[in-house]
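In: just coords:
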């Protein structure tokens, strides 16, 4: 361990900060889960966020904690982790979430947390503190997750168009209104399964550093339950500034397109979560929406909007690493 004694009060404050981040993660990323069913008017906004929140929490009973393990043990050397590093990671991620939420930019809460963790670890102990195997997988999936979402979304949309070729538009609309509820539920399961586990991982990291848990122990049930509850509550409050960007600015969605986009996003998230790889739910659904839109022709996707989102993807880890380093220094002065 880090060799720094961490008091119970400090642990409690940082756990509270982590749950605040988890709440904001759900709040910030609510648009990912509900944008398609809101923009296609399958559900009203307040109905959609409750629908998404329920399935966020149900993920607790479905997925193993492989993503939490990657964050807690696979990104930075556990021997250098202390409360300053956890503080730096959380503060940088919260600040980045607030900035991107305010400007309506669909960025990644996951990568914000990883970037903050990396920045805090770097300023404390240098590059040797980083576990490049785990970080390399996370960086690789910055590109793989949206590309996979794009390809699967495009494939599903083509399949849907072929199957429904001779079906009346009214019947197609009726069928896919129901199917969109299922695809949005599946996506919310994937969102809860992957995203809530990142906060579980960082609290677990803190508990190990404080000597409350040991590296070989199971994650305490209260940590898992509180993280899923915080994310579900955040989703229920919903970040409406991002819904419009996700739901209509990238490409115009209808019921079949919304179903294909959410299904592609859900399948990608399930795969990543089973593999234990923390991915961006934002990147995943954005890639899926772009793939669905592109099946109608290149001009059906607003590539300038998509390009702005991609820049946010690229900048998230470097920006939050810098914020994490600054927050680490601040933590040393305050904690």
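Out: Structure's in. What do you need? A quick note: this is a predicted structure, and the numbers were derived from the prediction, not measured.

In: got a pLDDT number for residue 242?
Out: As predicted, residue 242 sits at a pLDDT of 52.

In: actually residue 194, sorry about that
Out: Looking at residue 194, its pLDDT is 90.

In: just residue 297 next, same as before
Out: Looking at residue 297, the pLDDT reads 79.

In: with residue 238 instead?
Out: For residue 238, pLDDT reads 67.

In: over to residue 251?
Out: For residue 251, the pLDDT comes out at 58.

In: could you look up the SS state of the spatially closest residue to residue 272 that is not a sequence neighbour?
Out: Nearest residue to residue 272 in three dimensions, chain neighbours excluded: residue 279, at 4.3 Å (CB to CB, 6 or more residues apart in numbering). The way it works is simple: take the backbone N, C-alpha and C, and place the C-beta from them, glycine included. Classification of residue 279 using DSSP: H, G, I helix; E, B strand; the rest coil returns coil.

In: so residue 279 sits against residue 271, correct?
Out: No. With contact defined as CB atoms under 8 Å, residue 279 does not count as touching residue 271 (9.1 Å).

In: rewinding a little: what about the residue nearest to residue 272, distance to residue 273?
Out: Using CB to CB, to the nearest Å, we find residue 279 at a distance of 8 Å from residue 273.

In: now do residue 86
Out: Residue 86 is 23 Å from residue 273, by CB to CB.

In: these two: who's more crowded?
Out: It is residue 86, of residue 86 and residue 273, that has more neighbours when counted by other CB atoms under 10 Å, with 29 against 26.

In: pretty sure the more buried one sits against residue 202.
Out: Yes. Between residue 86 and residue 202 there is a contact at 6.2 Å, judged by CB under 8 Å.

In: so what's in contact with these two at the same time?
Out: Residues within reach of residue 86 and of residue 202 at once, by CB atoms under 8 Å, 6 or more residues apart in numbering, are residue 18.

In: ok, and the closest non-adjacent residue to residue 318?
Out: Counting by CB to CB, 6+ apart, the residue nearest residue 318 is residue 115, at 7.0 Å.

In: remind me which helix or strand the one you found belongs to.
Out: According to DSSP states H and E, residue 115 maps onto helix 109-125.

In: before we move on, the earlier item: for residue 326, see how far away the residue nearest to residue 318 is.
Out: Counting by CB to CB, the gap from residue 115 to residue 326 is 12 Å.
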